[in-house]
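K.L.:
Sequence unavailable; structure follows:
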C-alpha cells in the first residue's frame, strides 16, 4: 500500500507542477495588452510625424524657387514649424499666410531673404539682406540680444507697425524667442531700406554693407516689401546655432 500511495503522490505532484494560476495568466494578458498599446501608440506618433514631414515637403516642392537662389528645405521646414506653433498660440491670426525667411548661414552677397505666400505657393520677394556690423563680415558668425551690441538676433519675429525714422520707411519687429531676440523692440531692431544693401556695394567691398543689427534690405524694395509683410506676419532669422535650435519653444514639433 505504501508503494501505491507513493506513486499516487508522485503523479499528483507532477500534474500540479504544470498548473498555472489564473492570476498569472491575467497578468501576462495585461502585460501583452500594455505592450501592444504602447507599440500602437508609438506607430501612431511616427505616422503623425511622417504626415507632417510629407506635408511640409509637398508644400516646399510646390513653391517655385529661383534655381540659383533656392531656399534650403531644412530652413523652410523649421520656419514652417514656428509659423504653425505661433498660430496655435494665437500670436498669428488664422488668416496669416505670409512667411519671411532670412537664412543667415549664407553669404551676405547672395539673395538670402525670401517672402513666401503660403496660400498661393509663390515667392513674392527674394532679396539681399544685411546682418549687423558686429555679427560678421561677409558671413554672420556672432549674434546677440543685447542693446548697443550692433549684432543681429536669430529667431522668430512678428511684424508690427510702420513708421518714418532715421532710415526712412521702417517696420517694427517683435522678437518672440526669449533670451535670443525678445529685446528687439527695445533695441530698435527693425526692417528698413539701405543703399549699402546692393550688388554694386558688394562688388566694391567684397560684401554688402552691415547694419546695427537690423535686417536691412535694398532701398528700392524696402517700401513694397514692408507694406507686404507688415501687420502681424512672421519673419524668421535662421542660423544653425544648436543652442537656439534646441531651446526655441516655437521649434518643438
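P.N.:
Received it, and whenever you're ready, just let me know what you need. These numbers come from a predicted model, not from an experiment.
K.L.:
And stretch 123-133, end to end?
P.N.:
End-to-end distance for stretch 123-133: 28 Å, by C-alpha to C-alpha, to the nearest Å.
K.L.:
in it, what counts as buried?
P.N.:
123, 125, 126, 127, 128, 129, 130, 131, 132, 133 (16 or more other C-beta atoms under 10 Å). The way it works is simple: take the backbone N, C-alpha and C, and place the C-beta from them, glycine included.
K.L.:
what about the protein, any weak spots by pLDDT?
P.N.:
Within the chain, the segments meeting pLDDT under 70 span 1-53.
K.L.:
Which stretches in it count as strands?
P.N.:
Ranges of strands in the chain, per DSSP state E, are 98-103, 113-117, 122-127, 155-165, 168-175, 190-194, 217-218, 234-238.
K.L.:
Pick the most buried one from these.
P.N.:
strand 234-238 (a mean of 26; mean count of other C-beta atoms under 10 Å).
K.L.:
how far does that one sit from the chain's center?
P.N.:
Strand 234-238 sits 8 Å away from the centroid of its parent chain (C-alpha atoms, centre = their mean, to the nearest Å).
K.L.:
what's the angle from that strand to strand 155-165?
P.N.:
Computed by axes from the mean of the first three to the mean of the last three C-alpha atoms, to 10 degrees, the angle separating strand 234-238 from strand 155-165 equals 120 degrees.
K.L.:
what's strand 234-238 in contact with?
P.N.:
75, 78-79, 82-83, 86, 92, 96, 98-105, 152-159, 173, 181, 191, 215, 229 (C-beta atoms under 8 Å, 6 or more residues apart in numbering).
K.L.:
redo that, cut-off 7 Å
P.N.:
Strand 234-238 is contacted by residues 75, 78-79, 82-83, 86, 92, 96, 99-105, 152-159, 173, 215, 229 when judged by C-beta atoms under 7 Å, 6 or more residues apart in numbering.
K.L.:
go on, stretch 90-97?
P.N.:
86, 87, 117, 118, 119, 158, 176, 232, 233, 234.
K.L.:
List only buried entries from the residues you listed.
P.N.:
Buried, going by 16+ other C-beta under 10 Å: 86, 118, 158, 176, 232, 233, 234, out of the contacts of stretch 90-97.
K.L.:
Check the gap between the fourth one and residue 197 for me.
P.N.:
Going back to what we said before, that points to residue 176. The gap separating residue 176 from residue 197 is 24 Å, by C-beta to C-beta, to the nearest Å.
K.L.:
do the fifth one as well
P.N.:
In this view, residue 232 and residue 197 are 25 Å apart by C-beta to C-beta.
K.L.:
now the last one
P.N.:
The span separating residue 234 from residue 197 equals 21 Å under the rule C-beta to C-beta.
K.L.:
could you list every residue that touches the residue nearest in space to the middle of the chain?
P.N.:
What sits nearest the mean C-alpha location of the chain, by C-alpha atoms, centre = their mean, is residue 78, with 2.7 Å. Listed by C-beta under 7 Å, 6+ apart, the contact set of residue 78 reads 238, 251.
K.L.:
redo that, cut-off 10 Å
P.N.:
56, 72, 101, 156, 236, 238, 240, 245, 248, 250, 251 (C-beta atoms under 10 Å, 6 or more residues apart in numbering).
K.L.:
any chance you could map the helices in the stretch 51-200 of the chain?
P.N.:
73-88, 184-187, 199-205 (DSSP state H, counting those that start in this stretch).
K.L.:
measure stretch 173-191 end to end?
P.N.:
7 Å.
K.L.:
All further residue positions should be reported with the first residue as 610.
P.N.:
In the new count, where the first residue is 610, that last one comes out as stretch 782-800.
K.L.:
Distance from the chain centre to it, please.
P.N.:
With C-alpha atoms, centre = their mean, you get 17 Å for stretch 782-800.
K.L.:
What of stretch 817-836?
P.N.:
So, by C-alpha atoms, centre = their mean, the centroid of stretch 817-836 is 23 Å from its chain's centroid.
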